[in-house]
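Engineer: Show me how the following folds:
(chains A and B, ligands or ions: 1)
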Amino acid sequence: MTIEFGNPDRPNSYIGKTVPRPNAGRLVQGRGRYVDDIVLPRMVHVAFVRSPFAHARITGIDAGEVKSVKGVLRVFTGKDIAEVCTPWVAVLAHLKGLKSPPEYPIAVDRACWVGEPVAAVVATSRAAAEDGAALIDVDYDPLPVVTDMMSALDADTPVLHEDMGDNLAFRRLHEAGDVEAAFKSAHKVVSTRFRTARHTGVTLEPRSILADWNPAEGQLTAYHATQAPHMIQTVLAEHLGVPEGRVRVICGDVGGSYGIKVHVYPDEVATAAIAKIMARPVKFVADRLESFTTDIHARDHEIEARIAVEEDGSITAMDIDDWTAIGAYSVYPRTSAIEGNQVVNLCGGPYDFKNYRAQTTVVFQNKTPTCQYRAVGHPIAVAITEGLVDQAAAELGMDPVEIRRRNMFRDDAYPVTSPANMRFEGLSHHASMDKLMALMDYDGLRAEQAELRKAGIHRGIGIASFIELTNPSPFMYGIGGARISAQDGCTVRMDPDGSLVALSGVTEQGQGTEAMLSQIVAEGVGVSPDKVRVITGDTQVTPYGGGTWASRGAGIGGEAALQSARALRESILTVAAAMLQTEQSRLDIRDGQVVDAATGDNRMPLEELGRIVYFRGDTLPKGLPRELVQTRHFITSDYPFAFTNGVQASYLEVDIETGVVKLLKHWCVEDCGRIINPQLVDEQIRGGIVQGLGGALFEEIHYDADGQLLNGSMADYLVPMAAEMPDMVVGHVETPTKESMLGAKGAGEAGTAGAPAAVMNAINDALRPRGAQVTEMPFTPERILRALGVLKD
Amino acid sequence: MKASVGGYARASDLQHALELLSGSDGLGRVLAGGQSLIAAMNMRLSAGDLLVDISRVSELSGVSDAGDRLLIGALTRHVEIGRNPLIREYAPLLSQAVQYIAHAAIRNRGTIGGALAHADPAAEFPACILALGATLHIEGLTGRRDVAAEDFFQDVFETAIGEGEILTGISIPKTEANEAQVIEEVARRSGDYALAGLCLVKRSAGHRLALFSVGPRPLLARSAMAALDRGDLEGAAEALCDDMDPPSDTQASGAYRQHLAQVLLRRAVARIEGANA
Ligand SMILES: Cc1cc2nc3c(=O)[nH]c(=O)nc-3n(C[C@H](O)[C@H](O)[C@H](O)COP(=O)(O)OP(=O)(O)OC[C@H]3O[C@@H](n4cnc5c(N)ncnc54)[C@H](O)[C@@H]3O)c2cc1C
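Structural biologist: Predicted coordinates for the structure are as follows:
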């Protein structure tokens, strides 16, 4: 039986509607339970001594004075932890050539970035642990540092990890068609250098873990703010030498993740190791400075790119040379080669052209490691692609919308494979563009822009089409040997009172996963969403799954929930048919009642069925199946990824005297397939756009030449804030994926993917009459003035 | 990080506060609105302080009319400065400045005395009172003294307040009939400290121009003031370069700050002229 998604009046029509979030009331009433809220008997706190040098040999650690601090219990060095915890190497088999040295939870004899843990102090309070940490005297022998990306591979640059031979972590070249010939015969070639700044995710709740080793049970329980509890279970088990089945990861409320909390962090593993050694609960909650220095960074890329176009605007070739520096280690277990790899996979994404060459070069340096952060690689690839397309249009004297329309894959071209070998099942670039044009009144805005220009007001309109990778299959990590599940599961259970409990392997980070699951299960079974309790984030309770990353929660976890809910519905109806002495096909479940499918007349409330099954099973026919618990798993198999698409537009004003950009309005039309909850999708898009706008205008981690991080606070690392954000208009086109009954693809990263490019193009649209162009993010007032040639020095 | 505090005492009145300070062996630290001090303590940039909380000392709060001058108590909060009718009438520069300072929650707690004593070179109030030619009233156990704004700000976070002393308030000459006061700044985000800013006061006696966020303390741009008095705006903009040598940091270079100061000066003058036209 299928669901008539097209009919909004169908019974139990919760999929596609904005329903209240089950956890919202709890969170706004301050009844959330984050890791820091959890207090266990005999719990202690750990604080870390961190390297003040970007690269130094550790020649001695003197903890003599520390024990005198009231409350301090114990000090651990890297060697102490290494005795109970093995190091890890973050490589994946399918990323050929990727290398990285073994990394320890606490540096053993060499620190490789400012902020790397070099010792840990355990005390009865965090304050006491910090007092102790301040007294630890570490002797360092500073070593030469590698900080510059582009010279990392030069012969006279020191090699960061001697055993690795050189500073190259990974390189991949992809080539399709005859790129050189295409450039030679092109009508016009445009080339540009792009730069995207180092960012970090700045989650509201910092990284947190409370690890508890119970020797009596031989079990490690970790209360952890994470996106991937099962992955963490595996990692802790493997490196601490505990059977996987004896590690339980519990992930309650999480205050935002954005990819930051999907990685393995040395200090968190060290906390678990210390819990095992001390046999008592140990808590670590990063403070904001630790967040800036030790949360993964991302997006530090420099790109040389060119595009070849014909006179009619058709793109014939793109050539991308991407460089990124990932810090001192590849991050475990997803690796730090993925972002560069994504740039290769995603450049040119919306366009139908033949000749494509892209190379990514990933190098080591003495900085905080980088890894996957919301929209991994997308903002970079979209900025490159859309920046090139806009410049080509300007060279040809063509409207930027027109050049896109001439090159985007036709909406009836699918399935199709891109020159980067990405397979698209069904996208809607043209329908999305048409919708955007109508939403923003493109022609009207152009007229307004021209009128204001006469008055010396410099406004710009920027367009950015994009593709977004969602619903990953094992092709993302599994085939490379990582124990990261692409499959996800859901168990749905009916209790005697007719209420439902859904246990899902995907997790809630604050984005509304539980709301999405509750409405799917409600519709799948036939009850109202408030009858569904959702449980996520407990490896000993939920089905095994991947968690939250790569915009997979709704598409993968949602489909598993729908399948299990439909299965439960069938089992309920089997029992109901026996009780009501009718055929199962004549019955339906609506709003918690078993009803006559044809007339809708109530036949029996679910609580009556529950009462009979659980307490008077003797009255049912012997042998009648009465399984009111059903579990289903879902994995995509037809395509490695479910790509989505969309287009964004930015309208802004540049003050050409100060260089300040004022965002006036922002639009996004996107196609995430089936929309389960319109408000949640819109807010994902808006939040994503805000993060993209942060990258475009504000966010940049600064290091000096010695590898010292210069702006490790909220005062100096500028996140986007409400006052600077424009009104946003979000529109949708729905092209459901055929891989699932639900048809949902992901929506979590589209906003971030396209926003920086839209802003860049809008700024350049504003500056073009003055012959200026910016391609180095963030577009600070000073960079804009320098592009305008206003500053002399 | 967790703050590491040496101790805390709440003063009941000014005398009590001064006694607590003098009895603290040099470790005493005045706590007013806490909006700069607590942040510094939470980064352990300041540790071991014996906090003397003056926030309940009511005699240090409020705005009063003292004939040709306006008296503002050190504990008057930013939000009150922004809405006080006396200030709006007689020192509108301060009312205008409030919108640029931080965010509502911080303005509800931060005090003008704290902002002046903290002497952040990028802060608005220090430049305002410099442009206004205010006098600062400082008290210690040994007595009271007055310091001109020109002599008060000494270096980054350094003022003329001596050990054991408390800034009790400031007095400002009331605006003249045709006086104009404007503040202009550019910040990366609303509520951020400015990349550069200036306060321009135009009186019958001449212009007073104070720059902020372009050096170690708020600066009176004397050469530019002289040029403005001559009616030479472009000369004033040129002269600004002699008046300052702004630092470079992760937000902006010195050259950008200098350029910005020139743009802001033209805008400030245009605003005054526009208002008079
Ligand atoms: C996020 C944020 C953004 C901000 N943005 C801005 C901004 O844009 N512009 C701006 O100007 N400010 C800004 N501030 C600072 C704010 O204005 C503070 O309130 C102000 O600088 C200090 O005032 P306070 O009363 O909070 O002083 P406190 O923090 O209590 O004290 C600051 C210092 O002054 C000393 N002190 C305080 N009062 C006295 C006194 N009466 N006598 C002697 N010493 C005293 C203290 O001992 C301490 O050393 C910002 C603050 C924050 C947290």
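
Engineer: What are the buried residues along the top helix by length along chain B?
Structural biologist: Determined from DSSP state H, the single longest helix within chain B is helix B:254-276. Using 16 or more other C-beta atoms under 10 Å in any protein chain shown as the test for burial, helix B:254-276 gives B:254-265, B:267-269, B:272. The C-beta positions use only the backbone N, C-alpha and C, and glycine is treated the same way.

Engineer: Now for residue 245, how many residues are close by?
Structural biologist: Using chain A here. 11 (other C-beta atoms under 10 Å in any protein chain shown).

Engineer: Oops, wrong one, chain B.
Structural biologist: For residue B:245, using other C-beta under 10 Å, the count is 13.

Engineer: Model confidence for it, exactly?
Structural biologist: Listed pLDDT for residue B:245 reads 93.

Engineer: show me the contacts for it.
Structural biologist: B:215, B:254 (C-beta atoms under 8 Å, 6 or more residues apart in numbering or on different chains).

Engineer: Residue in chain A with the shortest distance to the ligand?
Structural biologist: residue A:715 (6.4 Å; C-beta to the nearest ligand atom).

Engineer: ok, that residue - how many residues close by?
Structural biologist: 11.

Engineer: Could you check how far it is from residue B:191?
Structural biologist: Counting by C-beta to C-beta, to the nearest Å, the gap from residue A:715 to residue B:191 is 11 Å.

Engineer: Now do the same contact list for residue 129.
Structural biologist: Unless you meant another one, I'm taking chain A. A:45, A:46, A:47, A:71, A:72, A:121, A:122, A:123 are the contacts of residue A:129 under C-beta under 8 Å, 6+ apart.

Engineer: To clarify, I was referring to chain B.
Structural biologist: Per C-beta under 8 Å, 6+ apart, neighbours of residue B:129: B:116, B:136, B:149, B:170, B:172.

Engineer: next one: phi and psi at the closest residue to residue B:151 other than its chain neighbours?
Structural biologist: Taking C-beta to C-beta, 6 or more residues apart in numbering or on different chains, and ignoring the residues beside it in sequence, residue B:151 has residue B:160 as its nearest neighbour in space, at 6.0 Å. For residue B:160, the backbone dihedrals (degrees, to the nearest 10) come out as phi -80, psi 0.

Engineer: Now do residue B:160, the pLDDT please.
Structural biologist: 98.

Engineer: Where does the stretch 151-277 of chain B get nearest to chain A, residue-wise?
Structural biologist: Closest residue of the stretch 151-277 of chain B to chain A, C-beta to the nearest C-beta: residue B:190 (3.9 Å).

Engineer: which residue packs closest to that residue, ignoring adjacent ones?
Structural biologist: residue A:723 (3.9 Å).

Engineer: Could you do residue A:298 as well?
Structural biologist: residue A:373 (3.7 Å).

Engineer: What's the local residue count around that neighbour?
Structural biologist: Neighbours of residue A:373 using other C-beta under 10 Å come to 27.

Engineer: which SS state does it fall under?
Structural biologist: Secondary structure for residue A:373, judged by DSSP: H, G, I helix; E, B strand; the rest coil, is coil.

Engineer: ok, now residue A:534?
Structural biologist: Strictly by three-state DSSP, residue A:534 counts as strand.

Engineer: what's the answer for residue A:25, then?
Structural biologist: Going by three-state DSSP: residue A:25 is helix.

Engineer: Distance of it relative to residue A:687?
Structural biologist: 20 Å.

Engineer: Those two: who's more crowded?
Structural biologist: Neighbours were counted for residue A:25 and for residue A:687 using other C-beta under 10 Å; residue A:687 has more, 18 against 10.

Engineer: Check the contact between that one and residue A:751; I expect there is one.
Structural biologist: Yes - assessed by C-beta atoms under 8 Å, residue A:687 is found in contact with residue A:751 at 6.6 Å.

Engineer: thinking again about what came up before, quick one: which of the buried residues of helix B:254-276 is nearest to residue A:622?
Structural biologist: Comparing the buried residues of helix B:254-276 against residue A:622 with C-beta to C-beta picks out residue B:256 as the nearest, at 84.9 Å.

Engineer: Please see if the host helix or strand of residue B:200 touches chain A.
Structural biologist: For residue B:200, the element it lies in under DSSP states H and E is strand B:196-203. No - applying C-beta under 8 Å from any C-beta of the partner chain, one finds strand B:196-203 separated from chain A by no less than 9.4 Å.

Engineer: Brilliant, that's me finished.
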